[in-house]
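# Mind looking at a prediction? Sequence and model below.
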Amino acid sequence: MNALRLPVRRAGASTGAPLVNPWAALAMPVLVFLVVCFLVPLIVMGMRAVTDLPSDAGGDVLVNFRRFFEGEANVRVLGNTFWVAVLSTLTCLAIGYPYAYLMTVASPRWTGILLIAVLVPFWSSLLVRTYAWQVILRDTGLINSTLIGWGLIAEPLDLYQTTTAVILGMTHVLLPFMVLPLFTTMSRIDPELTKAAANLGATPARAFLRVFLPLSVPGVLSGSLLVFVLALGFYITPALLGSPKDTMLSAFIATRVQQQLDWGLASAMALVLIGVTLAVLFVASRFIRVRDVFGALESD
Amino acid sequence: MGDTDSWRAPRRLALLAFGVVAVLYLVGPMLVVIPMSFTAANILSWPPEGFSTQWYEKMVEDPQWSRGFVNSLQVAVLTALLSSVLGTLGALGIVRGRFPGKALANALILSPLIVPVIIIAIGFFAFFSIARLTGSLPGLVLAHTALAVPFVIINVGTILRTMDRNLELAAASLGADPIRTFRRVTFPLILPGVLAGALFAFITSWDEVVVSIFMTTTRFRTLPVEMWEQVRQVVDPTVAAVATVVMAVTTTVLVFVFVVRRRVVVR
Amino acid sequence: MTATEREPVARAAATEASPVALALRGVRKHYGEFAAVDGIDLEVRRGEFVTLLGPSGSGKTTTLRMVAGFVRQDAGTIEIEGTDVARVPPYRRDVGMVFQNYALFPHMTAAENVAFPLAMRGVSRAKQEERVQRALELVKLGTLGHRYPRELSGGQQQRVALARAVVFQPRLLLMDEPLGALDKKLREALQLEILHISRRLGATVIYVTHDQEEALVMSDRIAIFESGRIQQLGTGTELYERPASIFVADFVGESNLFRGRVRHADGGSWLVRGDWRWRVDPGLFTSGPIDDGGAAAIVVRPEHLDVVAPGTDVGGRNHVPGVVSDVLYLGPSRKLELRLPDGTAAVVRQPAGADGAWRPGDEVRLAWPVERGVVVHDREPATTA
């Protein structure tokens, strides 16, 4: 473990540097652990997509994928998953952008309060939060009771078990993943730049549109990517707040395993979901550095 | 709020109003649950009527809930311990180590945060049922550790990356051998990260639902799984009481995190 | 402010008779193709203050880190007090080090920082306390021992770092640009303080800096580093008055270069450039003898150039015509920037009260006595020491 004698890194040092150093040994336990307790389970599960074949498959190893894409309901769920993920991303952006901007321009004290307000839900129970939305959105919940009490409506609004409820709940959970990368990017924008623009004759609105907004685009991309990818895999929130037609892929997979024990189809769906996630990450990686996105989590 | 030059009053007010609404949206829903849990009524309707601790009494008397509470606590504590040991070593190895395939190792460490949790859940279920570990404490601890260990690595790794390597060189030049350098300098400096990571790991496990749903049985259930079952079937406000307790525990741990984080010496 | 104007400090703690505290012989360090240190020879006597001076990337810090044991040399030997330390790890070298960013342990108070090396050496608690207190008083921080580094100013942190590096009476005190992060005023005050403290302790100091003024103020001897080699080693006076290369002449103080080819003819030695011919003294060929026809340059310091009106008799002095391009007022002195007919620039420094109110555009003649013109090879000599 005597790494103290390692050379200080310098330009051109790579050629002379050893390939492995003693510190690497410390990474082994966790890597072995993750391979055994994370990667192998995923592989075992994935394998079942091509090994758990229905009796009438006749040796067609891709039959589970075919079953998935040929089932009209399945494709609708896949489409719905995409649609809900897109809507949540847009909602997160609409709320997250001004929120992060507010954090950037506010005094340190307010920035701290805004940061805590976004981090506390981040770390509190997903189930509790979803339950809270139930209490708020039910026919006899906070919103409907209040509005009826004020005499604004006679009949309760249809809020609970709608797509709107799902988006509200998901945005609530996902907002930190939008706000944190945005805030990281925005706080690195030199505030003097906007002043320079004003000095050069730009109105505040033009200074914002021409200077601040373009510079914040990397944060917008990072945050949106993160939110979208995470939204694709949501299970609890849509299951509790949505109607059956709001079912997302995760819940669909769970049902295949729990109720129908159809491992072949469930695994095929899981692989489709992973495939879609990776495809999004791959496309995104052509525009931004994906590692930075997940590195943004470190700034919490 | 700073920067008065470029701020026109109406815009400032609009942003301020937006901020208040946004904070309310973020924090408000969770606060709604608390008054609900003290309602004297039998149904989950707003506004709560009267004041009663009946749902807390019901929660305590019901062995389902109390066993769930104890199980969750055990799993979370063990997960925190296992994750902080594996994660601290891992962070040292990943940040300081040099080995082929390091980028891949990095991806592996972050992937539990990205792979949809349902897929992890059924993966565990498929794998651990072969190993006969479903419905057991060790099985769930292993599963939760896989989900929680990235948080420890991120927390410790951030400190390690920003830490001044000269501190360790200074310790060596002052006569400390590598082991004493680690004990007296490196470890005290990463300790806040280790503690914060351990607390985050605790919360991750304490709140975890999806994997737990698949990894538990009626004989061994955690609090969130019990809640999940009840939320979908029962409408009486016991769950509000449970949710309040769950939140109280999480909040307490978070307060600890903030206290610990303050001790991180930034230099 | 130039080095010579500063308060003189008692020197001569080390003499020729002092034992050798540190010896580097043929030390090399390569990073891949890049030679960070390319064959260094250096002997430092006990009690001596030696500065490694050079631009960044010249190998001075790498050399220091090899002495500390943080970096291992590829070739050559390093001896501390006569013992080869190749197999001695940093923590057994007994060498104190002060880092540019101080490297104070942020989780320990100033006193705990200073006590650290004593604890590592098994010094008893009572003894530790006493020695820590003495070390803190030495750096004028006797009452601030309970503070954490973040509660101290930059200058105070640097003093703690110094106290920590000397409290265990190391055989060598290494300092890696210790004042680099401080502002100019504080830097100058601390330069003298470091010097006084090291003298008082009789410490052997190896000091790294890229600030030539700092090097001139503090050092008994200075080693000029460039491209991983020592270009010249000597006292500040030697380096300033007898630079052995164009690089050293440029790096230590300002200089004027008159380039040309050497002619040994007409019963003397000359440097010839086109129509111009300047007399040179072979005794001032600091980079070694130069054959007839060899490319060379005369180095003249700005304060040794005289500005006179064209046509003035300059006696036996060398001279060259020029045009004043700028006159800069610097308080105690003034600086004239000039352009020679061949396009090269020249600099002259005069006391503020000197005769002659030259203005930009004035045609003048520059003159210097032969004995003020040092002659060096006009291509970086491979090695000189």
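Sure thing, it's come through.
# From here on, just use CA atoms for contacts and neighbour counts.
Fine.
# Below-threshold pLDDT in chain C: ranges please.
Residue ranges of chain C with pLDDT under 70: C:1-16, C:356, C:380-385.
# So which bits of it are right by chain B?
Residues of chain C lying close to chain B by CA under 8 Å from any CA of the partner chain are C:68, C:70, C:90-99, C:103-107, C:116-117, C:120-121, C:165.
# when you check the residues you listed against the helices, which ones overlap?
Secondary structure from DSSP state H places C:A68, C:F116, C:P117, C:M120, C:A165 of the residues of chain C next to chain B in helices.
# Give the single residue among these positioned nearest to B:I94.
Taking CA to CA as the measure, B:I94 sits nearest to C:A68 out of those, at 27.0 Å.
# Spell out for me which residue occupies the centre of chain A.
A:L230 (2.5 Å; CA atoms, centre = their mean).
# Pull out the buried positions in the helix or strand hosting it.
Assigned by DSSP states H and E, A:L230 falls within helix A:213-232. Using 16 or more other CA atoms under 10 Å in any protein chain shown as the test for burial, helix A:213-232 gives A:215-216, A:218-232.
# Also stretch C:127-142?
For stretch C:127-142, by 16+ other CA under 10 Å, it's C:Q128, C:E129, C:R131, C:V132, C:Q133, C:R134, C:A135, C:L136, C:L138, C:V139, C:L141.
# would you put the C-alpha positions of it in CSV?
Taking Å, rounded to 0.1, in the frame of the first residue of the first chain, the C-alpha atoms of stretch C:127-142 are listed here in CSV:
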residue,chain,number,x,y,z
LYS,C,127,8.5,16.8,25.9
GLN,C,128,6.2,17.2,22.9
GLU,C,129,4.3,20.0,24.5
GLU,C,130,7.4,21.8,25.4
ARG,C,131,9.0,21.5,22.0
VAL,C,132,5.8,22.4,20.1
GLN,C,133,5.5,25.5,22.2
ARG,C,134,9.1,26.5,21.5
ALA,C,135,8.7,25.9,17.7
LEU,C,136,5.5,27.9,17.7
GLU,C,137,7.2,30.8,19.5
LEU,C,138,10.0,30.6,17.0
VAL,C,139,7.6,31.4,14.2
LYS,C,140,5.8,34.0,16.4
LEU,C,141,2.6,31.9,16.8
GLY,C,142,3.0,31.1,20.5
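# Show residues contacting it.
The contact list for stretch C:127-142, computed with CA atoms under 8 Å, 6 or more residues apart in numbering or on different chains, reads C:111, C:114-115, C:118-119, C:145, C:156, C:159-160, C:162-164, C:166-167, C:197.
# gap between the strand or helix carrying C:V132 and the chain center?
In this assignment (DSSP H and E), C:V132 forms part of helix C:125-138. Computed by CA atoms, centre = their mean, to the nearest Å, the chain-centroid distance of helix C:125-138 equals 33 Å.
# Same check on stretch B:115-127?
Stretch B:115-127 sits 19 Å away from the centroid of its parent chain (CA atoms, centre = their mean).
# is any part of that stretch close to chain A?
Yes: counting by CA under 8 Å from any CA, chain A has neighbours in stretch B:115-127: B:V115, B:P116, B:V117, B:I118, B:I119, B:I120, B:I122, B:G123, B:F124, B:A126, B:F127.
# Quick check: which ranges of the chain have low pLDDT?
Answering for chain A, as no chain was given. Low-confidence segments of chain A, defined by pLDDT under 70: A:1-18, A:57, A:287-300.
# oops, I was thinking of chain B
B:1-9, B:234-235, B:261-267.
# The residue of it at minimum distance from chain C: what secondary structure?
Residue nearest to chain C within chain B: B:G175 (4.0 Å; CA to the nearest CA). With DSSP: H, G, I helix; E, B strand; the rest coil as the basis, B:G175 sits in coil.
# Dump stretch C:54-74 to CSV, restricted to CA.
C-alpha atoms of stretch C:54-74 as CSV (Å, rounded to 0.1, in the frame of the first residue of the first chain):
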residue,chain,number,x,y,z
GLY,C,54,14.2,27.8,-12.7
PRO,C,55,11.1,28.1,-14.8
SER,C,56,8.2,25.7,-14.2
GLY,C,57,8.9,22.3,-15.7
SER,C,58,12.7,22.7,-15.4
GLY,C,59,13.0,19.8,-12.9
LYS,C,60,13.6,21.6,-9.7
THR,C,61,10.5,20.3,-7.9
THR,C,62,11.1,16.8,-9.1
THR,C,63,14.6,17.0,-7.8
LEU,C,64,13.3,18.2,-4.4
ARG,C,65,10.7,15.4,-4.3
MET,C,66,13.5,12.8,-5.1
VAL,C,67,15.4,14.1,-2.1
ALA,C,68,12.3,13.8,0.1
GLY,C,69,11.8,10.3,-1.3
PHE,C,70,8.4,10.9,-2.9
VAL,C,71,9.8,10.2,-6.3
ARG,C,72,12.4,7.6,-7.0
GLN,C,73,15.3,8.5,-9.3
ASP,C,74,15.9,6.3,-12.4
